[in-house]
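S.K.: Quick one: sequence plus predicted model below, questions after.
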Amino acid sequence: MFPQRSILRASQRFAAQVRSPAVRTPFQRRLASSENSGLHGAEDNAFNRERKATKDHAAATKDLWRKLSLYVVVPCLLIAGANAYTLWNEHWAHWEHMPPLEERTEYPYQNIRTKNFPWGDGDKASFTLV
């Protein structure tokens, strides 16, 4: 039983020496975690590492949405605005070729009413009163 204890103690001492930074070789450091969190000592705990990861993710996501807003949304708005302007001008160019409203023929199926409106002379809708 005593030899087992001495072997256990010796192995624990050896493991502590290998874990110390002074004994580590460059090869052992390369096998260690390559994540450099920038946190050292007491502040290097799970909470602070998760908080730093969350901040890094938020910064990357903010940068992504900024780029999308500048390089995708703005050109799409400019293209949509140019399209609306073109359609607007085509619409009014079409109306220029039509006769004035007063000269157009009124057909019997236009302005069908079963009873008069309760305001004014009964022939005009409410938005034409103004």
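M.R.: That came through, no problem. Numbers count the residues shown, from 1 in each chain.
S.K.: tell me which helix or strand of this structure sits lowest on mean pLDDT?
M.R.: Ranked by mean pLDDT, DSSP states H and E, the weakest helix or strand in the chain is helix 26-31, scoring a mean of 52.
S.K.: For whatever helix or strand comes next after that helix, give the mean pLDDT please.
M.R.: Where DSSP states H and E defines the elements, the next helix or strand beyond helix 26-31 is helix 46-68. Averaging pLDDT along helix 46-68 gives 93.
S.K.: Check which residues of whichever helix or strand comes after helix 46-68 are buried.
M.R.: Using DSSP H and E, the helix or strand that follows helix 46-68 in sequence is helix 74-96. Across helix 74-96, burial judged by 16 or more other Cβ atoms under 10 Å covers no residue at all. From N, CA and C alone the C-beta is placed, and that goes for glycine too.
S.K.: Please name every helix or strand in contact with helix 74-96.
M.R.: For helix 74-96, there is no helix or strand it packs on, judged by 3 or more Cβ pairs under 8 Å, 6 or more residues apart in numbering; DSSP states H and E.
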